[in-house]
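In: just need the structure, nothing else, for what follows:
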Amino acid sequence: MIQRIQSVFLLLLALAMLSLLALPLWHKIDPLTGQELTLTAFGYVSKGVNLPANPGPVWLIGTLAAASAALAVYEIFQFRHRLRQLLLGTVNLLLITATLGAEFLFYTKGEQLLNIKLEGQIMIAFYLPTLALVLNLLANRFIRRDEQLVRSADRLR
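Out: Okay, here's the model as predicted:
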């Protein structure tokens, strides 16, 4: 049921996490050497920089974001089972938090790969999991409110 407010919040959450997959998270340019390094959800994109053979599982950011978006879409269609929706919302909270942690981990690794003295630019996609976290909390709040409303109506019967 897409007309419920929590469904709208969950849809916006899914869109935020999916747009994280397409947008760059962080970018750094060394003006002296012309080297560039960009962090995306699936890896580092470098221009003139020799990256180490294994910079780590950067693809983890994209995988967690995609799983969170898929879970939010699935949660929308569980509107008849509000307790299951709350459980899925809690699992999604953990996925979004893990996405934030992975972003921060690979952002700090990227800072060390190219001229430590210069600061990189954090792009707008870096903040999308924070928006998704707020939207998830709002959706869970309204799901809980629906559950309380249904329980109070059952008591009146």
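In: which secondary element of the protein has the worst mean pLDDT?
Out: strand 43-47 (a mean of 85; mean pLDDT, DSSP states H and E).
In: tell me which residues in that strand are buried?
Out: Residues 43-44, 46 are the ones in strand 43-47 that count as buried (16 or more other Cβ atoms under 10 Å). Placement of C-beta: from N, CA and C, glycine included.
In: that one pairs with which strands, and in what direction?
Out: Sheet pairing here is set by DSSP bridges, and for strand 43-47 it gives strand 35-40 (antiparallel).
In: doesn't Leu51 belong to a strand?
Out: No - Leu51 is assigned coil when assessed by DSSP: H, G, I helix; E, B strand; the rest coil, not a strand.
In: now for the longest helix along the chain, which elements pack on it?
Out: Across the chain, the longest stretch assigned as helix under DSSP state H is helix 82-113. Contacts defined by 3 or more Cβ pairs under 8 Å, 6 or more residues apart in numbering; DSSP states H and E place helix 82-113 against helix 5-22, strand 26-30, strand 35-40, strand 43-47, helix 59-76, helix 128-156.
In: which residue sits closest to Gly120, ignoring its sequence neighbours?
Out: Lys28 (3.3 Å; Cβ to Cβ, 6 or more residues apart in numbering).
In: from memory the one you found sits against Ser46, does it?
Out: No - between Lys28 and Ser46 there is no contact under Cβ atoms under 8 Å: 10.1 Å.
In: using CSV, lay out the buried residues of strand 43-47 together with distance to Thr90.
Out: Converted to CSV, those look like this (distance: Cβ to Cβ, whole Å):
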residue, distance to Thr90
Gly43, 30
Tyr44, 32
Ser46, 38
